[in-house]
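Enquirer: sequence unknown, structure follows:
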């Protein structure tokens with residue numbers, strides 16, 4: 001990889017704090033990478049527009065500056081524009097949760113980030129595809145969630161502000177009053193029906209600002225990590241909430257952690273992907289044939 005990156009910046013990331021951060025960071029980055037350039041998303045130019053402009057200008061090393069939602073939108077744009085094969089994508093974490101970058105061992109500190117970038121360690125990252133509702137399609141790079149997970153993301157978006165503690169606070173606040181939906185889960189020959197508290201699947205370990213709901217995830221593997229919980233008493237969830245932040249969630253009675261090549265969820269449920277609320281089910285999830293070359297730390301988190 002050349003050391004002349006093109007940055008695509010989402011100034012709305014981290015509740016607008018990214019815009020202020022970028023004003024101070026750009027001079028530092030420009031001194032380190034002479035000739036570097038950037039595109040700033042705004043009301044007239046979406047992140048997808050900026051990625052298309054970068055492609056037209058011949059940029060093959062793109063740095064996405066923002067949080068999980070920023071990377072989600074840029075990866076979806078890369079798939080839609082057919083750029084996965086000729087693009088190296090480097091995330092610069094500047095959001096509230098930065099969960100995808102936790103799996104990739106990408107530091108947030110700008111000086112450490114530049115050192116990591118210069119080491120040029122990349123992986124062939126898998127991409128997930130969701131088909132949901134009336135046939136809508138969305139891709140994801142980290143994690144998708146249904147049932148209570150999606151409800152918490154929906155409430156978080158409605159709150160109008162972002163903080164890494166918002167997700168766990170909302171998780172605790174609304175749990176007792178939540179009625180799990182009746183769903184049917186199918187994956188690799190298995191069929192399970194019941195009231196599901198949560199269904200999570202994906203390629204990254206972390207969500208919600210550090211929760212490890214998919215400790216078995218592998219961003220380069222040939223399967224989706226899948227975690228689901230059926231008919232759990234609220235008291236058991238609260239008593240084991242500390243496990244959300246360790247790799248031991250699968251030890252809770254009623255929680256299953258596994259892997260699957262494809263997942264179907266039938267019934268009425270909300271859906272979120274990479275922390276973005278998408279709408280309702282039914283849902284089908286699978287891996288795409290495309291891979292995206294993603295720059296990461298030298299030892300990204302892997303279950304292998």
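Expert: Ah, there it is. Being a predicted model, the structure only gives us computed values, none of them experimental. Residues are numbered from 1 along each chain as shown.

Enquirer: count of residues packed around the closest residue to residue 262 other than its chain neighbours?
Expert: Computed as C-beta to C-beta, 6 or more residues apart in numbering, the closest residue to residue 262 that is not its neighbour in sequence is residue 286, at 4.4 Å. For glycine as for every other residue, the C-beta is placed from the backbone atoms N, C-alpha and C. Using other C-beta atoms under 10 Å, residue 286 is surrounded by 15 other residues.

Enquirer: and residue 286, what does it touch?
Expert: Contacts for residue 286 were tallied using C-beta atoms under 8 Å, 6 or more residues apart in numbering; they are 128, 129, 224, 261, 262, 263.

Enquirer: who does it bridge with?
Expert: Note on residue 286: beta-bridge partners by DSSP bridges are residue 129, residue 262.

Enquirer: Against residue 151, how distant is it?
Expert: 24 Å (C-beta to C-beta, to the nearest Å).

Enquirer: Now for the contacts of residue 286: which two are most distant?
Expert: Checked with C-beta to C-beta, the contacts of residue 286 reach their widest spread between 129 and 261, with 12.4 Å between them.

Enquirer: okay, and the common contacts of those two?
Expert: Contacts common to residue 129 and residue 261, judged by C-beta under 8 Å, 6+ apart, are 286, 287.

Enquirer: Which of the two has more residues huddled nearby?
Expert: Per other C-beta under 10 Å, whichever of residue 129 and residue 261 has more neighbours is residue 129, with 18 against 12.

Enquirer: leaving aside the residues next to it on the chain, what's closest to residue 219?
Expert: Excluding the flanking residues, the one nearest residue 219 by C-beta to C-beta, 6+ apart is residue 203, at 4.5 Å.

Enquirer: Can you give me the domain assignment for this protein?
Expert: 6-126, 128-289 (automatic domain parsing).

Enquirer: quick one: which of these has the weakest pLDDT on average?
Expert: Sorting the domains of the chain by mean pLDDT places domain 128-289 lowest, at a mean of 88.

Enquirer: how distant is that domain from the center of its chain?
Expert: How far domain 128-289 lies from its chain's middle: 12 Å, per C-alpha atoms, centre = their mean, to the nearest Å.

Enquirer: Can you list the neighbours in contact with the lengthiest helix in the chain?
Expert: The helix that spans the most residues within the chain, counting by DSSP state H, is helix 17-32. By C-beta under 8 Å, 6+ apart, the residues outside helix 17-32 that reach it are 7, 9-12, 14, 36, 38, 40, 65-66, 94-95, 110, 114.

Enquirer: Report the two of those residues separated the most.
Expert: 12 and 114 (23.7 Å).

Enquirer: Give me the nearest residue to residue 246, chain neighbours excluded.
Expert: Nearest to residue 246 is residue 212, by C-beta to C-beta, 6+ apart, at 6.3 Å.

Enquirer: give me the number of residues near residue 145?
Expert: Neighbours of residue 145 using other C-beta under 10 Å come to 28.

Enquirer: Next: residue 180.
Expert: 17.

Enquirer: Chain neighbours aside, what residue packs nearest to it?
Expert: residue 195 (3.9 Å).

Enquirer: For the one you found, give the beta-bridge partners.
Expert: With DSSP bridges as the rule, residue 195 is bridged to residue 182.

Enquirer: Thank you, goodbye.
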